[in-house]
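K.L.:
Structure for the following, please:
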Amino acid sequence: MSADKTTILIVEDEPAIVELVSFTLRAAGWDTYSVSNTADAWAYISRRMPNLVLLDWMLPDQSGIRLLSKIRSDRQFTALPIIMLTAKSMEEDKIAGLDHGADDYVTKPFSPRELTARIKTVLRRKAPEHGQSILSAGPIVLDPVSCSVMLNDKRVDIGHAEYKLLKFFLAHPDRVFSRSQLLDKVWGDHVVIEERTVDVHVLRLRKVLKESEKLIKTVRSVGYMLSER
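P.N.:
The predicted model follows:
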């Protein structure tokens with residue numbers, strides 16, 4: 001799987017639907033991974049967070065809604081985009097899904113074009129690190145268009161890895177990320193980097209930020225976060 005490609009986890013137990021959805025998403029340029037139950041889905045998400053989850057309502061071990069609730073009650077997954085896939089078209093079921101934290105709802109049977117459009121909309125709304133708008137915190141201003149970083153109105157020299165790390169932190173303020181999540185989100189899982197290398201890049205980033213280094217906080221035994229608090 002590519003570092004620059006969006007990875008979508010398909011949680012669905014009907015092989016024909018998995019095949020159709022996987023084909024559709026790959027044709028749109030996304031990477032896919034599929035599991036057929038909530039236990040495998042949770043194991044996958046805990047290991048490497050996807051960019052989006054397509055979650056079926058009816059699954060063999062427990063309902064997709066139960067998994068959705070579990071994901072949303074875990075602080076590190078609160079912003080993970082989730083679209084419910086279901087044969088249920090009842091209005092109250094849609095409301096239940098959205099109440100439990102789903103970002104959108106696609107009812108089977110759906111057209112591949114509709115599914116692709118819905119995913120694009122949710123990703124655009126939920127993945128600010130891929131956007132082109134200026135990101136800032138305190139005296140730090142990052143411009144994704146020119147790939148430049150300003151500190152107290154002065155441009156700073158910053159390495160590529162530190163730039164990517166800073167951009168990700170600025171896009172997700174006040175959220176703690178483990179070293180393995182940062183490896184996956186910033187560098188991609190195909191890159192062979194040890195977790196302690198993340199510490200090295202955080203150290204370099206703090207050096208670049210000078211007196212603003214205090215914005216990058218170490219959360220003991222968990223990882224790192226950017227916060228102005």
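
K.L.:
low-confidence ranges in this protein?
P.N.:
Applying pLDDT under 70 to the chain flags the ranges 1-4, 88-91, 126-132, 188-193.

K.L.:
where do the helices sit along it?
P.N.:
15-27, 38-47, 64-72, 91-99, 112-126, 160-171, 179-182, 195-209 (DSSP state H).

K.L.:
Can you tell me how far the residue lying farthest from the centre of the chain is from His100?
P.N.:
Centroid-distance maximum for the chain: Lys154 at 30.8 Å, with CA atoms, centre = their mean. According to CB to CB, to the nearest Å, Lys154 and His100 sit 46 Å apart. C-beta coordinates here come from the backbone N, C-alpha and C atoms, glycine included.

K.L.:
Equivalent analysis for Asn51, please.
P.N.:
20 Å.

K.L.:
Check Leu205 too.
P.N.:
36 Å.

K.L.:
Compare neighbour counts for the two and give me the winner.
P.N.:
For Leu205 and His100, the more surrounded residue by other CB atoms under 10 Å is Leu205, and the numbers stand at 23 against 19.

K.L.:
neighbours around the nearest residue to that one once chain neighbours are set aside, how many?
P.N.:
Take Leu205 and drop its neighbours on the chain: the residue closest to it by CB to CB, 6 or more residues apart in numbering is Glu162, 4.4 Å away. Counted with other CB under 10 Å, residues neighbouring Glu162 total 21.

K.L.:
Please apply the same query to Arg72.
P.N.:
Neighbour number of Arg72 under other CB under 10 Å is 16.

K.L.:
do the same with Ile82
P.N.:
25.

K.L.:
In space, not sequence, find me the middle residue of this structure.
P.N.:
Most central in the chain (CA atoms, centre = their mean) works out to Asn51, at 3.9 Å.

K.L.:
Burial check on the closest residue to that residue other than its chain neighbours, number of neighbours?
P.N.:
The spatially closest residue to Asn51, leaving aside those adjacent along the chain, is Thr6, at 4.3 Å (CB to CB, 6+ apart). Burial measure for Thr6: 20 neighbouring residues, criterion other CB under 10 Å.

K.L.:
So Thr6 sits against Met49, correct?
P.N.:
No: counting by CB atoms under 8 Å, Thr6 does not reach Met49; the two are 11.9 Å apart.

K.L.:
before we move on, back to that, show the contacting residues for the residue nearest to Leu205.
P.N.:
Neighbouring residues of Glu162 by CB atoms under 8 Å, 6 or more residues apart in numbering: His201, Arg204, Leu205, Val208.
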